[in-house]
Every structure is written in C-alpha cells, then in structure tokens.
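Chemist: Following is a predicted model, sequence given first.
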Amino acid sequence: MSRYTVRDSVTTSHLLKRKQAGEKISVVTCYDAAFGRIVEHSPVDVVLVGDSLGNVILGYDSTLPVTVDDMIHHAAAVTRVVRRPLVVVDMPFMSYQVSVEDALRHCGRVIKESGAQAVKLEGGRRIVPQVKSLVDAGIPVMGHLGLTPQSVHVMGGYRLQGKSSDARKSILEDAKAIAEAGVFSLVLEMVPAELAAEVTALIDVPTIGIGAGGGCDGQVLVLHDLLGFDEDFNPKFLKKYANLGAVIGDALAKYDREVKSGAFPQLKNEF
Ligand code: KIV
C-alpha cells in the first residue's frame, strides 16, 4: 500500500456514490475480532461497533452504562482484523451531549485509540454544533434519528417513532439539519417506511434503515440478531439469516455428552 493510500477499502465517499448510483449499502454491527474476521471476508460494506454491545455483549439491559473505554476496547479488537469495510464507532451516552469540547475530546480519543474511521452520534438539531465541529476537525460523523436507544427513558420504551404529524415534522427537520451540518450518512431506526423514504429523498447523504422499510439507501442489523443467537428475540423488523443460538446449544450439548461418556478426546486428539 502506498504511503499516500489511507486504506484500499470502503470510504465515506464510496457510500455517497452508492446513493447517487441507486446502489444499496449493507451495514452490520460487530464487537470483536472473532466476528470481525468473518465480516472482513464477507461483502458487507460497513461495520458498526454499536453501543448495542451494552446489551449484546456486556449483559446490560440498555446502552446507557456503556463507556468510551468500552467502545475503544471493542472497536480496537474489530479494527485489528477488519480492513475492507468502513468501521464506524457509536459514541456512548453522555460522551458528546454535554458540550462541543466533550464531543471533540471523546470522539478524538475513539478515532486515535481504536483505529476506526468514523463515529456515530444520536440526535438531531440539538447536536448540530457537535457534528459541525467534529467534521471540521476531520472526523466523519454518521447520524442516528427515530428510535435513539440512548433516549429510551424519554421515549418511554423501544417503540416506533415519527407517528404523529408533529413527530414526523420534527424528524424531517432534524434530518435536514444534521445533513446540512455534515453527517456522511444517517441511521433511521423504527420509523414508518413512508417517513424514511421521505427523509431519503430529502437529504443528499445515504440513509441506513433498521425497522424503517425498504426505501432507505441501506440497511443495518445487529449481527447477533441476524445470526439468530436469541430464539426469543423476534421483532417485526428482524430477519434471521441463521439460527446460531440453536446450533451452538446443540454443539455444547454434544461436547458435554462426549466428555462425560469418554468419547472425547479420541486417540487422534492425543499427543
Ligand atoms: O448500537 C447499535 O447497534 C445501533 C444500530 C442498531 C443502528 O445503533
């Protein structure tokens, strides 16, 4: 690789060109090197080190306890093995809301210490100053509107957003404001498909939907959800592409049986 080539891989400008060409963008979450190696060898375009790692990996019941150090720890594991897809890191609750200075300091740490290429911030007009300053400082920002899990207690649960005409108008204004502030793409979570399509037509940067219908420029799913780790988690927006929870459970039961019966290890496993 030439010293002037940053990475021979997906960039924020590739994503913009995809939107202009009408080509869809695939995004998955990833939190560690084990899955990172598999995603690296897949055709997926963007890896999001989501703060959903709070629920999926760390066992919290929301994303609120996740820290900047948690995000750096997991994102660094991902970037050690992921080279081709663009790596975006979620900024956790209260790491950017308080002030522009906080946002610059924490996002700067994440980019420097994790090796990722971009950050994601939840919110609309209220975080426009943060988005502008980050982009000015050279940090690409992905936005996130609709159901923003860091505001779960204000929203009263993980439910569909943008249903009333006021809520719909507010999401449209937020989308326009943060697109003008310089985000390179925008996640739309749990909003009516028709509203997501309207946002997609309104702004120049790609929209990435989750529970937002097929009119978005791309889609994102939590990796463990699409792989079917939890057979009891079946929201309407999710499609499970595998049932790994059951596959892993069966493998563990077989291993346990064979250890206890003496069928494992065999002579071929000995030294
Ligand atoms: O944290 C996350 O995984 C996310 C996606 C679901 C968009 O924000």
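Modeler: Looks like it arrived, so ask away. Computed from a predicted structure; not experimentally measured. Numbering: from 1, shown residues only.

Chemist: From here on, just use CA atoms for contacts and neighbour counts.
Modeler: Noted.

Chemist: Tell me which helix or strand the most centrally placed residue in the chain sits in.
Modeler: Closest to where the C-alpha atoms of the chain average out (C-alpha atoms, centre = their mean) is Leu48, at 3.4 Å. Leu48 is located in strand 46-49, with elements delineated by DSSP states H and E.

Chemist: Does that strand pack against any helices or strands, and if so which?
Modeler: Using 3 or more C-alpha pairs under 8 Å, 6 or more residues apart in numbering; DSSP states H and E as the contact criterion, the elements in contact with strand 46-49 are strand 25-29, helix 68-79, strand 86-90.

Chemist: which residues are contacting the last one?
Modeler: It refers to strand 86-90. Strand 86-90 is contacted by residues 9-12, 45-51, 71, 75, 79, 110, 116-121, 142 when judged by C-alpha atoms under 8 Å, 6 or more residues apart in numbering.

Chemist: Low-confidence stretches in the protein?
Modeler: Regions of the chain meeting the criterion pLDDT under 70 cover residues 1-7.

Chemist: Quick one: the strands in it, in order.
Modeler: In chain order, the chain shows strands spanning 25-29, 46-49, 86-90, 118-120, 141-146, 185-189, 207-210, 218-221, with DSSP state E as the criterion.

Chemist: Adding distance to Pro65, write those strands out as CSV.
Modeler: Shown next, in CSV, are the strands of the chain (distance: least, C-alpha to C-alpha, whole Å):
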stretch, distance to Pro65
strand 25-29, 18
strand 46-49, 16
strand 86-90, 13
strand 118-120, 17
strand 141-146, 19
strand 185-189, 21
strand 207-210, 23
strand 218-221, 21
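
Chemist: Would you convert these into TSV that also reports distance to the ligand?
Modeler: Listed next are the strands of the chain as TSV, based on distance: least, C-alpha to the nearest ligand atom, whole Å:
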stretch	distance to the ligand
strand 25-29	6
strand 46-49	7
strand 86-90	6
strand 118-120	8
strand 141-146	7
strand 185-189	6
strand 207-210	7
strand 218-221	6
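
Chemist: do you know which of those lies nearest Leu172?
Modeler: strand 141-146 (9.6 Å; C-alpha to C-alpha).

Chemist: about what we covered before: show me which of the contacts of strand 86-90 are buried.
Modeler: Of the members of the contacts of strand 86-90, the ones counted as buried by neighbours, 16 or more other C-alpha atoms under 10 Å, are 10-12, 45-51, 71, 75, 79, 110, 116-121, 142.

Chemist: Which positions in the protein make contact with the ligand?
Modeler: Where proximity means C-alpha under 6 Å from any ligand atom, the interface of the chain facing the ligand comprises Thr29, Gly50, Asp51, Ser52, Val222.

Chemist: Which members of the residues you listed define the maximum pairwise distance?
Modeler: By the measure C-alpha to C-alpha, the residues of the chain next to the ligand have their two most distant members at Asp51 and Val222, which lie 10.6 Å apart.

Chemist: my guess is Gln97 contacts Val128, does it?
Modeler: No: the criterion here is C-alpha atoms under 8 Å, and Gln97 misses it with Val128 at 10.7 Å.

Chemist: follow-up on the earlier one: just the helices and strands packed on strand 46-49: most buried one?
Modeler: Taking mean count of other C-alpha atoms under 10 Å as the contact definition, the stretch among the helices and strands packed on strand 46-49 with the greatest mean neighbour count is strand 86-90, which reaches a mean of 26.

Chemist: tell me the angle of that strand relative to strand 141-146?
Modeler: Regarding strand 86-90 and strand 141-146, their directions subtend 60 degrees when assessed with axes from the mean of the first three to the mean of the last three C-alpha atoms, to 10 degrees.
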